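K.L.:
what follows is a predicted structure for the sequence shown.
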Amino acid sequence: MQQPLSVSSTNENCYEATPQSILHDALAELETSRAPKLRTFSSRSMRAQQKAQSYLRNSAQRIFPRDSVQFVSQYPNAKERVSILLEVVESQRTYVKFLRMIKEIYYLPMVLGRDDHKKNNFDRPGIPYSECLKMFPRSFTKILASDEILLSKMEERLKLYDKEDYYFAMIGDIFIQFAEFFKKYSEYMIEYEACTTVFRKHRESSLRFQHWLSRRRRICDFDIMSLLVMPVQRTTRHKMLLEKLLAATDVSHGEYDILVDAVECMKELAEYQNECIRTVSNVKQIEELATLLKIDNLVDSERRFLIQGPAYLEDVEHRVYLFSDSIFFQNKKVTHCILKRMCISGGSKYSILLTHDDLGDMELFFDTYEEKKQWLSLLEVAIRNSRKSWKIPTFVYQHVTFVDFVGKVVKWCTVSTAIQEQMAVAPGALSITL
């Protein structure tokens, strides 16, 4: 939801939307929009556990010896399935090993001042404690603890079978049970980029830190960045391995339906994590553009930045910025138009003719047909979606002038008056002098 934005410094009770609160709102809305799918994890988990328990009770009753002709003919993919099953477990075992490496070699010495690889505690990175904390996503320790539990569950499951019976082993239900935990990976992925930025800043500026990192790498043969990126790739890795396991599992196998659910869970989680990353990236982009365009409250949890680029308007080159609900034209001043009040009414091979309800026609010319085609497709979608559910975009400028499209001044007023009279004076056309 768009928040009411304050334009008066005297109103102390006004809600002031900060980039942090807007980002929190955007992520909350994303999780709410996907809640129906994510809520099914618990029901899937219960269903998977029931199937697994039933299968495990009956799996002890074998009809054929493992090396019999009947077994080979009935389960032709047995060797491939067992190989992939063991690969899933070994992959998790290796992954947990690397997470422990991060903790012991880097995290504990940097954050807690502990170094189990040194008899003394004089080997310090030379970075303030507060900055060391910023180099690790806050969810790192939770992810390590949960992944250790996941690994122990897999290993305990395999212990229920003899090696000759691994074909009948099942682990898909374990992944479904841990689906809620995998949502924490989105928190890690969101924080990862900021952590790497802090790390690179200190690595480039501190010679002592560089030497410390070199000594750390001699202990484990891995630098910290190659280790910290592993959780970012983990959900995709799980999905890929489970898909391979499903492809090697016969439809008649007791785990087949459970694996189908497990693969679906991993796909939904991967999509959710990618959307979280896109949401964070979008908010950061709009923050940067708000600074560039000198617009205080451009950031909004519902607003999406789509594209920017050069275009000619009235034979004058402009920098054009397209958002999900608005379009900005920047030359010597910034002109803003609301997409709700616009439509695409024509154009040529290299141009798009836009018609505004109050400002009339405006034709954008592009250098290439490919650029025009890209802008046209994005404008069509943005205008259509903007007309479906419209809320008046509110921006706060330092100096405000209402103009018609060719630049003629219609009315000048203070910021407060401008916001109050925006729709009455010139709907969709609000500009400032840079």
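P.N.:
Nice, thanks for sending it over.

K.L.:
for the chain, which spans come out with low pLDDT?
P.N.:
1-75, 114-123, 301, 389-434 (pLDDT under 70).

K.L.:
which stretches of the stretch 251-400 of the chain form strands?
P.N.:
305-313, 316-323, 326-330, 333-338, 342-348, 351-356, 360-365 (DSSP state E, counting those that start in this stretch).

K.L.:
make sure residue 319 is actually in contact with residue 312.
P.N.:
No: the pair residue 319 / residue 312 is not scored as a contact, 11.2 Å apart, by Cβ atoms under 8 Å. Just so you know, the C-beta spots here come from the backbone N, C-alpha and C atoms, and that holds for glycine as well.

K.L.:
what's the closest of the strands of the stretch 251-400 of the chain to residue 383?
P.N.:
strand 342-348 (6.0 Å; Cβ to Cβ).

K.L.:
what does the closest one contact?
P.N.:
Contacts with strand 342-348, where a contact means Cβ atoms under 8 Å, 6 or more residues apart in numbering, come from 327, 352-357, 361, 363, 372, 376, 379-380, 383, 428.

K.L.:
and that strand, C-alpha only, in CSV?
P.N.:
Extracted in CSV, the C-alpha atoms of strand 342-348 (Å, rounded to 0.1, in the frame of the first residue of the first chain):
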residue,chain,number,x,y,z
MET,A,342,-2.2,8.5,-20.9
CYS,A,343,-2.7,6.2,-23.8
ILE,A,344,-0.7,5.0,-26.8
SER,A,345,-2.4,6.5,-29.8
GLY,A,346,0.0,5.8,-32.6
GLY,A,347,3.6,6.3,-33.8
SER,A,348,6.0,5.3,-36.5
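
K.L.:
go through that strand and flag the buried ones.
P.N.:
By neighbour count, with 16 or more other Cβ atoms under 10 Å as the criterion, the buried positions of strand 342-348 are 342, 343, 347.

K.L.:
what's the one helix or strand residue 214 maps to packed up against?
P.N.:
Using DSSP states H and E, residue 214 sits within helix 207-220. Contacts defined by 3 or more Cβ pairs under 8 Å, 6 or more residues apart in numbering; DSSP states H and E place helix 207-220 against helix 184-205.

K.L.:
now the helix it packs on - C-alpha only, PDB.
P.N.:
The C-alpha coordinates for helix 184-205 follow below in PDB (Å, rounded to 0.1, in the frame of the first residue of the first chain):
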ATOM      1  CA  LYS A 184      15.200 -17.900   5.600                       C
ATOM      2  CA  TYR A 185      17.500 -18.100   2.600                       C
ATOM      3  CA  SER A 186      15.700 -15.100   1.200                       C
ATOM      4  CA  GLU A 187      16.900 -13.000   4.200                       C
ATOM      5  CA  TYR A 188      20.400 -14.200   3.500                       C
ATOM      6  CA  MET A 189      20.200 -13.400  -0.200                       C
ATOM      7  CA  ILE A 190      18.800  -9.900   0.500                       C
ATOM      8  CA  GLU A 191      21.700  -9.100   2.900                       C
ATOM      9  CA  TYR A 192      24.400 -10.700   0.900                       C
ATOM     10  CA  GLU A 193      25.100  -7.900  -1.600                       C
ATOM     11  CA  ALA A 194      25.400  -5.300   1.200                       C
ATOM     12  CA  CYS A 195      27.800  -7.600   3.100                       C
ATOM     13  CA  THR A 196      30.000  -8.000   0.100                       C
ATOM     14  CA  THR A 197      30.100  -4.300  -0.500                       C
ATOM     15  CA  VAL A 198      31.400  -3.700   3.100                       C
ATOM     16  CA  PHE A 199      33.900  -6.500   2.700                       C
ATOM     17  CA  ARG A 200      35.400  -5.100  -0.500                       C
ATOM     18  CA  LYS A 201      35.600  -1.600   1.000                       C
ATOM     19  CA  HIS A 202      37.700  -2.800   3.900                       C
ATOM     20  CA  ARG A 203      39.800  -5.200   1.800                       C
ATOM     21  CA  GLU A 204      40.800  -2.400  -0.500                       C
ATOM     22  CA  SER A 205      41.500   0.100   2.200                       C
END
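
K.L.:
give me the residues contacting that helix.
P.N.:
Here helix 184-205 has contacts from 27, 127, 131, 134-140, 142-143, 146, 209-210, 213, 224-225, 228-229, 231-232, 234-235, 269, 272-273, 276-277, 280, using Cβ under 8 Å, 6+ apart.

K.L.:
tabulate the buried residues of strand 342-348 (CSV), appending distance to residue 180.
P.N.:
Output for the buried residues of strand 342-348, formatted as CSV (distance: Cβ to Cβ, whole Å):
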residue, distance to residue 180
342, 44
343, 45
347, 50
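
K.L.:
sorry, back to before: buried among the contacts of helix 184-205? Make that a PyMOL selection.
P.N.:
Buried subset of those, written as a PyMOL selection, criterion 16+ other Cβ under 10 Å:
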select buried, resi 27+127+131+134+135+136+137+139+140+143+146+209+213+224+228+231+232+234+235+269+272+273+276+277+280
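
K.L.:
quick one: mark the members of the contacts of helix 184-205 that sit in helices.
P.N.:
The helices, defined by DSSP state H, take in 27, 131, 140, 142-143, 146, 209-210, 213, 224-225, 228, 231-232, 234-235, 269, 272-273, 276-277, 280 from those.

K.L.:
just to revisit the earlier point, can you lay out the strands of the stretch 251-400 of the chain as TSV showing distance to residue 153?
P.N.:
Below are the strands of the stretch 251-400 of the chain laid out as TSV (distance: least, Cβ to Cβ, whole Å):
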stretch	distance to residue 153
strand 305-313	42
strand 316-323	46
strand 326-330	50
strand 333-338	54
strand 342-348	55
strand 351-356	56
strand 360-365	58
